[in-house]
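Chemist: I would like to see how this sequence folds:
(2 chains)
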Amino acid sequence: MALFQYEFLRNAFLAGLLISLACALVGTLIVMRKMVYLAGGIAHIAFGGVGIGIFLGINPVFSALAFSLLSALGMGLGLKRLKISEDSAIGVLWAIGMAIGALFVGLTKSYVPDLMVYLFGNILMVSTSDIKTMLILDGVITLLTLGLWKELLAVSFDPDFAWVCGVRVRLIETIFLLMVAASCVILIHAVGIVLVLALLTIPTLLSRHFYGGLKGMMMLSGLFSFGLIMMGLALSYLFNIPSGATIVLLSGIVFGFVEALRRSNFF
Amino acid sequence: MKVVELKEVWVRLGNQLVLEDINFEVFQGDYIGIIGPNGAGKTTLLKVILGLIKPFKGKVRVFGLEPQEGKKFIGYVPQERPFNRDFPLKVMDVVLMGCLKDKGLFRNFSAEDFKRAEEVLELVEMLPLKDREIGSLSGGELQRVLIARALVSKPKLLLLDEPTAHVDLPVQTEFFDLLKRLNEEGLTIIMVTHDVGVLSSYVGKIACLNRKIYYHGTKEIRPEELEAVYGCPVDLIAHGVPHRVLREHH
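Modeler: Next up is the predicted model:
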């Protein structure tokens, strides 16, 4: 446990735990609801918030959170009313969010921090104040998941029927999108905006092979994401390579390996 | 007692007029089959009754209330396809969704809900499969689960949308027996189908729909109305069912 004397390693470990919780609760629902593209959109729009934060000289994590929560709110209230298809709308917002970020970074006259941290993550640079933010967001996500469990299931499975049963479908959907936005901000610390989708999907896809029920899948995908983050972190530390990219590539390799084993009827 | 009342209801979806001047009354204990070709607006009509689709003109009352309020008395069996079959839920989870009606947020299902869910699963003969994943069921099994889900809240009105679309013929007979039993116990039923063949001797009354509705509160439909609905003459005598839907010709 000598390693834990280093604050950055202790924080990386805690961040891994907090990220895994978000992956388990929200990632599983995103994958099973086939909303991966929408989650990608919300994550990338957050870059607009990062740019604005840098421009205004405030903590980019907070402005990214505000920006992605607002975009989630807008999507929840507006997406179904548009006359164009949902995936086109997400594509447009995705690009506009990134462009806003790039514009404000360009307008910043003072020192611009390394953008690679926000785009590709670095779990070794997670500060104690970041941990506190993540803890609060995870707490809210957990509370909402537990409290709205049956409504979330009903809306995911069959929104029309949920509506007939008196569930306020649009409200629940919007709350879920806000949970997705919060998860994206939590994940940015480890793998960055561009790579968020890997951790939201791969652990769930792996767990789907082993367990059928939703609760079991959530627990298992939490374990998988924690394992992958920690192993990726160790590898990146050993070989002195970027942690975000290592975590994602490791996840990809494990995923490919498991899929290959399944194809050959190994299990 | 009027269970459903539609007065001069007009519905537009996008730029298309889907329902035109619908006048339709359903009384307690009715068992109505609504027929019509694909795209006639049958599902839309059910969704108007449920309040899922709002007409741009006309009045809708369900048990004398606005659909928003009246829907709590309705059990709804949608067409099989729209929902997410890959979603990892067990049969029991799906049936319990029917119990959401009088549950506030942050409140879980009660022991009573579970008991009631088991009762309706027993009724549709699906209790032994209550822990099966929903994606692994056959079309007929899934249909029975959806009926259990609709019945678990003890509805007074049951709306069925193409209930036999994915079900084999022997299962259909069983299914209609069950509906008949429920109807005799006082449940009002409205069933929509594009397949005239399934209107076996069970259904009490028939309505024809193709944007406009033709309904006389009886089982008889005039041949010219049927032609108007389908755009061509239709033989309404189902094979293997010793019953005529049309009046006898002389």
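
Chemist: I'd say B:Y31 and B:K219 touch.
Modeler: No. With contact defined as Cβ atoms under 8 Å, B:Y31 does not reach B:K219; the gap is 10.0 Å. Using the backbone N, CA and C atoms, a C-beta is placed for each residue, glycine as well.

Chemist: Report the set of residues contacting both of the two.
Modeler: Between them, B:Y31 and B:K219 have B:V203, B:G204, B:K205 as joint contacts when contacts are counted by Cβ atoms under 8 Å, 6 or more residues apart in numbering or on different chains.

Chemist: most neighbours, which of the residues you listed?
Modeler: By neighbour count, taken as other Cβ atoms under 10 Å in any protein chain shown, the most surrounded of the shared contacts of B:Y31 and B:K219 turns out to be B:V203 (24 neighbours).

Chemist: So B:E118, which state does it fall into?
Modeler: Reduced to three states with DSSP: H, G, I helix; E, B strand; the rest coil, the structure at B:E118 is helix.

Chemist: pLDDT score for the residue nearest to it when sequence neighbours are not counted?
Modeler: Leaving out its chain neighbours, the residue that sits closest to B:E118 by Cβ to Cβ, 6 or more residues apart in numbering or on different chains is B:L127, at 6.2 Å. B:L127 carries a pLDDT score of 90 in this model.

Chemist: How about B:H250?
Modeler: With respect to pLDDT, B:H250 has a value of 43.

Chemist: now A:I96: how far from chain B?
Modeler: A:I96 sits 27 Å away from chain B, going by Cβ to the nearest Cβ, to the nearest Å.

Chemist: any idea how far A:L197 is from that residue?
Modeler: 19 Å (Cβ to Cβ, to the nearest Å).

Chemist: list the helices and strands the longest helix seen in chain B packs on?
Modeler: Of all the elements of type helix in chain B, the one with the most residues (DSSP state H) is helix B:169-184. Using 3 or more Cβ pairs under 8 Å, 6 or more residues apart in numbering or on different chains; DSSP states H and E, the elements in contact with helix B:169-184 are strand B:31-35, helix B:139-151, strand B:157-161, strand B:188-193.

Chemist: for the first one, packing partners?
Modeler: Based on contacts counted as 3+ Cβ pairs under 8 Å, 6+ apart, the elements that strand B:31-35 packs against are helix B:169-184, strand B:188-193, strand B:205-210.

Chemist: Give me the average confidence score over the longest one.
Modeler: Yep, that's helix B:169-184 we're talking about. Helix B:169-184 shows a mean pLDDT of 82.

Chemist: next one: stretch A:19-34
Modeler: If you average the pLDDT over stretch A:19-34, you get 94.

Chemist: Dead centre of chain B: give me the residue that sits there.
Modeler: The centre of chain B sits closest to B:L160, judged by Cα atoms, centre = their mean, with a distance of 1.5 Å.

Chemist: got the buried residues for the helix or strand containing A:I19?
Modeler: Under the assignment given by DSSP states H and E, the secondary-structure element containing A:I19 is helix A:7-22. Within helix A:7-22, the residues that count as buried by 16 or more other Cβ atoms under 10 Å in any protein chain shown are A:9-22.

Chemist: And stretch A:228-242, by the same measure?
Modeler: Along stretch A:228-242, the positions that meet the burial threshold by neighbour count (16+ other Cβ under 10 Å) are A:L228, A:I229, A:M230, A:G232, A:L233, A:S236, A:P242.

Chemist: Give me the contact list for that stretch.
Modeler: Under Cβ under 8 Å, 6+ apart, the answer for stretch A:228-242 is A:12-13, A:16, A:19-20, A:116, A:120, A:122-124, A:190, A:199, A:202-203, A:243, A:245-251, A:254.
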